[in-house]
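> I'd like to go over a predicted model; first the sequence, then the structure.
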Amino acid sequence: MVRALILACVVALSACVSPVAPVAPGAASMSVAPARADAPAPTTPTVTPTPTATPTPTATAPTPTQTPEPTRRCQGTVDAAYWFGKAQLVGTFAVSWSDGQLRFGQTVIPIVIDEPGRLLAFQPDTTIWIVYDSMWSYAGVAGQASGTLACSGGQS
């Protein structure tokens with residue numbers, strides 16, 4: 001039964017593919033039709049690489065002279081704190097920021113947001129918020145703390 005089904009499929013496929021008459025049932029071999037003389041010879045397309053344009057040097061913009069940002073100097077006071085180990089901030093400490101860096105006691109971290117009325121400094125293990133030059137909060141792997149600021153000089 002299986003052989004008859006396979007043979008029927010082979011016969012059906014060979015009738016569709018080649019102009020040769022189908023193989024008679026019970027025949028053991030199958031012949032392949034010769035190529036037709038009037039059929040065009042297959043051609044392989046030739047691929048020519050597209051030339052790439054040589055990049056033209058672009059003029060570099062002149063480096064603007066940067067005026068130093070005004071430095072803010074504040075005195076921070078710890079109002080509440082919970083430390084997991086050694087206290088990072090105790091009592092009063094110096095706070096200042098300029099040129100994209102915040103110095104908060106002994107901690108120096110990059111400033112992410114510096115807008116009038118708010119400042120955010122962040123690194124993977126520490127986040128410090130300063131709001132309206134009067135309040136601050138510290139959150140990090142060392143613990144949490146908050147307090148007040150007394151600022152002078154420069155702009156916020």
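Right, received. Where do you want to start?

> C-alpha only now, for contacts and for neighbours.
OK.

> just checking, next helix/strand downstream of whichever strand in the chain runs longest?
Longest strand of the chain, by residue count under DSSP state E: strand 72-83. Where DSSP states H and E defines the elements, the next helix or strand beyond strand 72-83 is strand 92-98.

> pLDDT on the next helix or strand after that next one, on average?
Remark: after strand 92-98, the chain's next helix or strand is strand 101-104, criterion DSSP H and E. Mean pLDDT, computed over strand 101-104, is 92.

> Let me know how buried residue 106 is, in neighbour terms.
Neighbour count for residue 106, taken as other Cα atoms under 10 Å: 10.

> about what we covered before: how about residues contacting the longest strand of the chain?
Applying Cα atoms under 8 Å, 6 or more residues apart in numbering, the contact partners of strand 72-83 are 89-98, 142-156.

> so where do the strands sit in this protein?
With strands called from DSSP E, the chain shows them at 72-83, 92-98, 101-104, 107-115, 118-123, 126-131, 135-140, 143-152.

> ok so, going back, list buried residues within the contacts of strand 72-83.
Buried members of these, scored by 16 or more other Cα atoms under 10 Å, are 89, 95-98, 142-149, 151, 156.

> buried sites along stretch 100-120?
Going by 16+ other Cα under 10 Å, stretch 100-120 has these buried residues: 102, 103, 104, 105, 108, 109, 110, 111, 118, 119, 120.

> so what's the fourth one up against?
Residue 105 makes contacts with 89, 93, 94, 95, as judged by Cα under 8 Å, 6+ apart.

> Now tabulate those residues in a markdown table and tack on pLDDT and distance to residue 129.
Shown next, in a markdown table, are the contacts of residue 105 (pLDDT from 0 to 100; distance: Cα to Cα, whole Å):
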| residue | pLDDT | distance to residue 129 |
| --- | --- | --- |
| 89 | 90 | 15 |
| 93 | 93 | 16 |
| 94 | 93 | 15 |
| 95 | 91 | 12 |
